[in-house]
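# need a structure here:
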Amino acid sequence: MIDALPNVLGFIGAALMLASYLMKSMLPLRIAALTACGFLVAYGALKPALPTLLLYGALIPINIKKTLQIRKLVKSIELARADTPVSEWLLPHMHRRTVTAHTTLWRQGDAATEMLYLESGTLRLAEYDETLQPGSLVGEIGLFAPDNRRTLTLEAVSDCVVYSLTAEEMALLYYQNPKLGFHVMRLIVARLMRDVQRHRPADAPAAA
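Numbers count the residues shown, from 1 in each chain. Okay, here's the model as predicted:
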């Protein structure tokens with residue numbers, strides 16, 4: 001019985017690891033993978049199988065970190081309201097970069113590959129001659145448009161600090177939790193509706 005225990009633990013760990021690959025929601029996936037690592041570490045220790053022990057032992061803190069990140073993200077999105085600043089829930093998952101003055105970030109008709117949050121500086125939507133101030137979110141419409149094309153040209157009026165989120169990263173946020181995707185879309189649409197009512201004539205095209 002004692003000799004069979006390592007194999008039982010190994011088979012349970014393998015089954016859980018396989019199940020994690022079949023899961024669509026990231027939080028249950030991470031929990032299953034973390035549990036599988038625990039069983040496989042026990043298997044590696046009792047067998048003994050040093051490579052298995054070291055591999056899955058190293059994966060345990062990685063899975064713990066990823067699980068905590070996902071839980072924090074899901075909680076922050078679910079608590080967000082339509083008027084919650086983007087910096088409180090989306091910014092931690094974006095990438096910071098600087099843009100020099102007079103740089104064209106994209107042109108009308110370009111493929112939409114990212115959305116931007118403006119932390120400092122001034123951006124300009126060329127076709128409207130409209131300036132965007134810090135705190136603005138821009139480029140999300142192109143990510144969700146059927147043709148994924150930019151509707152306006154975006155230029156840097158001054159040196160800027162922006163945060164970017166690619167289409168692939170946005171899709172990953174959706175994949176991590178289906179409910180999360182609903183909240184993200186609701187917040188973005190609410191922001192766009194306010195912008196349209198405040199700035200855009202009824203017959204003008206949507207912002208970039």
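# neighbours of the nearest residue to residue 51 once chain neighbours are set aside, just the number please.
Using C-beta to C-beta, 6 or more residues apart in numbering and skipping residues adjacent in sequence, the residue nearest residue 51 is residue 44, 7.7 Å away. In short, each C-beta sits where N, CA and C put it, glycine included. For residue 44, the neighbour count with other C-beta atoms under 10 Å is 22.
# now the host helix or strand of residue 44: buried residues?
Under the criterion of DSSP states H and E, residue 44 resides in helix 26-46. Applying a neighbour-count criterion of 16 or more other C-beta atoms under 10 Å, one finds 26-27, 29-44, 46 buried in helix 26-46.
# one more: stretch 113-132?
114, 115, 116, 117, 118, 119, 121, 122, 123, 124, 125, 132.
# wait, a strand at the fifth one?
Which is residue 118. Yes: membership of residue 118 in a strand is supported by DSSP: H, G, I helix; E, B strand; the rest coil.
# what's the closest non-adjacent residue to it?
residue 136 is the one closest to residue 118 (C-beta to C-beta, 6+ apart), at 4.7 Å.
# contacting residues for that neighbour?
Neighbouring residues of residue 136 by C-beta atoms under 8 Å, 6 or more residues apart in numbering: 117, 118, 123.
# what's the spacing between it and residue 109?
Separation of residue 136 from residue 109 (C-beta to C-beta, to the nearest Å) stands at 22 Å.
# show me how the protein divides into domains.
5-78, 86-199 (automatic domain parsing).
# could I get these as CSV with mean pLDDT?
Below are the domains of the chain laid out as CSV (pLDDT from 0 to 100):
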stretch, mean pLDDT
domain 5-78, 85
domain 86-199, 81
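# tell me the secondary structure for the residue positioned nearest the centre of the chain?
Centroid-nearest residue in the chain, with C-alpha atoms, centre = their mean: residue 173, separated by 3.8 Å. Here residue 173 is helix, with the state taken from three-state DSSP.
# right, I'll leave it there.
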